[in-house]
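**Q** need a 3D model of the sequence below.
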Amino acid sequence: MSMTNPCRIKGADRYDVPERPVLTVAEVYAVADAIQPHHRALVLLAAFTTLRFGELASLRRRDLDLTRSVVMVRRAQAELQNGTLADKTPKSAAGVRPVAFPAELVPELVHHLERFTGAGQDGHLFQGPRGGLLRRSNFRDDWTAARAKAGISGDVHFHDLRHTGNTLASSAGASTRELMTRMGHSTTRAALIYQHMTSDRDQHIAGKLGEMIRQARQDHKEGPSGT
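**A** The predicted structure follows:
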C-alpha cells in the first residue's frame with residue numbers, strides 16, 4: 001500500500017528555473033509600496049532572504065534578530081489535505097538556517113513588529129488580515145492586486161521573489177554553495193549538515209543587497225533626469 005504525506009509545501013523540493021521572471025529591486029519595492037501595509041515586510045523579506053512562503057508564514061517574533069540583521073529559519077508552514085495549517089521541521093538539516101538580510105530592511109521590520117506582528121516572542125511575524133494564520137490562498141488576491149497596481153506585467157508569482165532574491169544574491173557575488181545555503185537546499189551529503197551561515201561572507205552578501213536597495217530608492221526619489 002502506498003503512503004502519502006498529508007502535508008504539502010508547494011515549491012519546497014524544486015529548484016527555481018531560470019525561465020521564471022526576475023524582478024528588479026525597483027520592481028520589488030513597487031509591489032511592496034502597492035500591497036496592503038501588513039504584507040509590505042513580507043514582500044521585502046521574501047525578496048532579500050529568498051525564504052519560501054511556508055518558511056515566512058511560520059516565522060515567530062523570536063526568529064528575527066534586528067541587531068545582527070538575521071532571520072532564523074526553524075520550521076515551515078504546511079497545509080494538510082483537509083486544509084488545516086501546521087508547522088513542520090524542514091526535511092533536511094540544510095533547511096534549518098540563519099539568513100542575513102540587508103540592514104536597510106531593519107526600519108521596515110521595526111514598523112511591522114510594532115503594528116502587525118502577533119503578541120509575545122512566539123507571536124507570528126506575519127499574520128492574516130484578521131490576525132489569524134497567514135494562508136497562501138488568502139494572500140494570493142492581495143499579491144495579484146498589488147502586482148497589477150505596481151505595473152508589473154506578466155504572470156509573476158510570489159514565489160518568483162525567491163528566484164529574484166537568488167539572482168540578486170548571485171550578482172552580489174555569492175558562490176554556489178553560499179546561495180544554496182541561503183536557500184536551504186542540499187546538493188551534496190556535506191551540505192545536509194546544519195550550516196551556521198552568519199559568517200562574514202553572508203553578511204557581505206546582505207550588505208551588497210543593501211547597496212542595491214539604496215541605489216534603487218535613490219533613483220526613485222530623484223525621478224527622471226531633468227525633473
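**Q** for the rest of this, base every contact and every neighbour count on C-alpha atoms.
**A** Will do.
**Q** which residues does the nearest residue to D63 once chain neighbours are set aside bridge with?
**A** Of all residues not flanking D63 in the chain, M72 sits nearest, at 5.0 Å (CA to CA, 6 or more residues apart in numbering). Under the criterion DSSP bridges, M72 forms beta bridges with P98.
**Q** and M72, how many residues sit next to it?
**A** A count of nearby residues for M72, using other CA atoms under 10 Å, gives 18.
**Q** SS state for the most centrally placed residue in the chain?
**A** When CA atoms, centre = their mean is applied to the chain, the residue found nearest the centroid is A46 (1.9 Å). Here A46 is recorded as helix under DSSP: H, G, I helix; E, B strand; the rest coil.
**Q** ok, now how distant is it from E108?
**A** Using CA to CA, to the nearest Å, A46 is found at 13 Å from E108.
**Q** what helix or strand is L51 on?
**A** In the assignment (DSSP states H and E), L51 maps to no helix and no strand.
**Q** these two touch, right, it and M183?
**A** Yes - with contact defined as CA atoms under 8 Å, L51 counts as touching M183 (6.6 Å).
**Q** looking at those two, which has the bigger crowd around it?
**A** The residue with more neighbours, out of L51 and M183, is L51; 25 against 22, by other CA under 10 Å.
**Q** which residues of this structure fall in helices?
**A** Taking DSSP state H as the test, the helices found in the chain are 25-34, 37-49, 53-57, 106-115, 136-149, 160-171, 176-183, 200-222.
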